[in-house]
Structures are given as structure tokens and as C-alpha cells.
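Trainee: I would like the atomic coordinates for the input below:
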Amino acid sequence: MAEWWVRGKPFAGRGHAPKLMAVLNVTPDSFSDGGSFVAIEAAVDHALRLEDQGADLIDIGGESSRPGATPVPLDEERRRVLPVLEALEGRLSVPISIDTMKPELARAAIERGASILNDIGGLRDPAMLELAVSTGTSVVIMHMAGTPQTMQLDPVYDDVVEAVLGYLAAQVSTAEAAGLARTKIALDPGIGFGKTAAHNVAILRDLERFDTLGCSILVGLSRKRFIGAVTGRPIDDRLIGSVVASLASVYHGAAVVRVHEPGPMLDAIRIWDTLVGWSERS
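Mentor: Numbering: from 1, shown residues only. Sure thing, here's the model as predicted:
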């Protein structure tokens, strides 16, 4: 299992217990918590609460990436995100990642303390890659078929695992050639981003293969549609399914899991660590 470095030191992967990336959406229309944290004070309070519950990093996003979401103009995304980053300055001990596809916003967020660039566009924008290299920021490269507006219209693959592996391998090679060390890259197979429930299951069952890419693996599946497809549960009743699926992802090689509720996930990890341990994964 590869290491992922954040803030100039090993953060996740080899030798580390699984890390929890907690979601903080400052959007009115995200699929599960849209509108809950659009006020600056509410967003700040939630970030502090997520850290108290065991989050290892906070992922802040100002543009919904749910299927069919309407793109947000740069000025509006800045208005949502930057005041929250400014209000959190010096109040969190855990790193912050910025969830955006816009290089201009990413730069502004890094200038305000963000340590990780979480790009669902997979660093396909040369300006985003250049920013990561020039600032030395750690990144998450994700696979997405199409855009949030088109990704779920009719996703088709000959072999979804091979397709996602091939894409991520190419993006890592491009990033490395540009000067971004593999230790600064985490890879996200993009559960729910241009994939059916069957595609998502195939990826998660074969997650060990992604370790061949030489980067830590991050999986985000909390509350997603495929959890509902398997359990029949609505969005607000998918906690148990999300925890179990995330724990299975960790067992199969994920170094980081992206969650809405860190507390229950941390409990699951502690129980698993006590009964099984993580040494066999390191």
C-alpha cells in the first residue's frame, strides 16, 4: 500500500490506520445535505463538530456534483467557500481539502489554508495540474465519465475496472511527468460518477487492483445511490449501509474513506482494528 503525503509528511496509506475525509457541502443543492450549511456560522460549527467526531480531514465544496446538477459560476462558488475558509483559519487542527474543478477557486482556497486539492475532474484541466505542481499541494485525482450533467445518462463500459484503472494510470503518469510526486497523489475511482450500481459493486469488489498504480486509494460512497439500490433505503437512512461498504473498501485497500458522519465510521474502524488489525494491509 502506497503512502499519501499531506502537509509535508506521511498522512495515509502504508503504516497508517484508515483516514476519514469528512464532507462539508456549503451548497443549496447537494444530494444529501444541500442547504444545511450555507450560512458561514453553520458551516464553521459543522466543520468543528466533524473534527470532534474523529474526522482526519475536512473536504469543503461549494458546487454540487450530484447527477444533473447545474454548474455554478466561479463568483458564486467563491462566495460560498472562501468566507468559510477564512472563518476556519486557525480553528482546525486537521487538514482541509477543497473540492472544486475550478483552478481559480482552488488557488484562492490554497492561499487560505487548504492543503489538498480534491478534483473530481481528475486533473484534466492543465491549469489545475500546473497549480498543484507549482504550490506543492497534495491532490485527489478522481475518475468521472462525462460531467455531473451527463454522467448518469447511460454509462456503458466493456470492463469498468479496466477502464477506470487505465484512466487513473494515465492521469498519474501525466501528473508525475509534470513534476507531481506520486506520494502527493491519492486516487478515487469515482463511485457513482458515471457508473451504474453494478459498475460500483464491480469496482469495490476489485479494489485491490488499484494498489498497482502506486498511490493511496480514496473511496467516497457515503449515502450514495448504489447504497440505496442495494438496501432500498432513502438518502437519510443509509448510514449503516455506508459504514459497512466503507469498511469493506478499507479491507480491500482504501487508505481514506469520504464520509458524512465520522463518528460511526470511526467506531467501526476501531472495532475492526481490535478484532482483526490493519497490519496485513500495510
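
Trainee: Stretch 74-87: how far from the chain's middle?
Mentor: Its chain's C-alpha centre and that of stretch 74-87 lie 19 Å apart, by CA atoms, centre = their mean, to the nearest Å.

Trainee: what's it in contact with?
Mentor: The contact list for stretch 74-87 (CB atoms under 8 Å, 6 or more residues apart in numbering) reads 24, 26-27, 38, 40-41, 43-44, 47, 60-63, 72, 96, 98, 100, 102, 104-105, 108-109, 112-114. Just so you know, the C-beta spots here come from the backbone N, C-alpha and C atoms, and that holds for glycine as well.

Trainee: quick one: average pLDDT of it?
Mentor: Mean pLDDT, stretch 74-87: 95.

Trainee: Next: stretch 25-35.
Mentor: The predicted model gives stretch 25-35 an average pLDDT of 62.

Trainee: now stretch 143-154
Mentor: Here stretch 143-154 scores 78 as its mean pLDDT.

Trainee: Give the bridge partners for the nearest residue to residue 6 once chain neighbours are set aside, please.
Mentor: Distances taken as CB to CB, 6 or more residues apart in numbering place residue 138 nearest to residue 6, at 4.7 Å, with adjacent residues excluded. Legend: beta-bridge partners of residue 138 under DSSP bridges are residue 116.

Trainee: switch to numbering from 51
Mentor: Happy to do that; since the first residue is 51 now, the last one works out to residue 188.

Trainee: Wait, residue 188 touches residue 168, no?
Mentor: No: contact status for residue 188 versus residue 168: not in contact, 9.5 Å apart, counting by CB atoms under 8 Å.

Trainee: Show me the common contact partners of those two, please.
Mentor: Shared contacts of residue 188 and residue 168, defined by CB under 8 Å, 6+ apart, are absent.

Trainee: circling back to that earlier point, ok, the residue nearest to residue 56 - how many residues close by?
Mentor: Counted by other CB atoms under 10 Å, the residues lying close to residue 188 total 27.

Trainee: Mind pulling up the pLDDT for it?
Mentor: At residue 188 the predicted local distance difference test score is 98.
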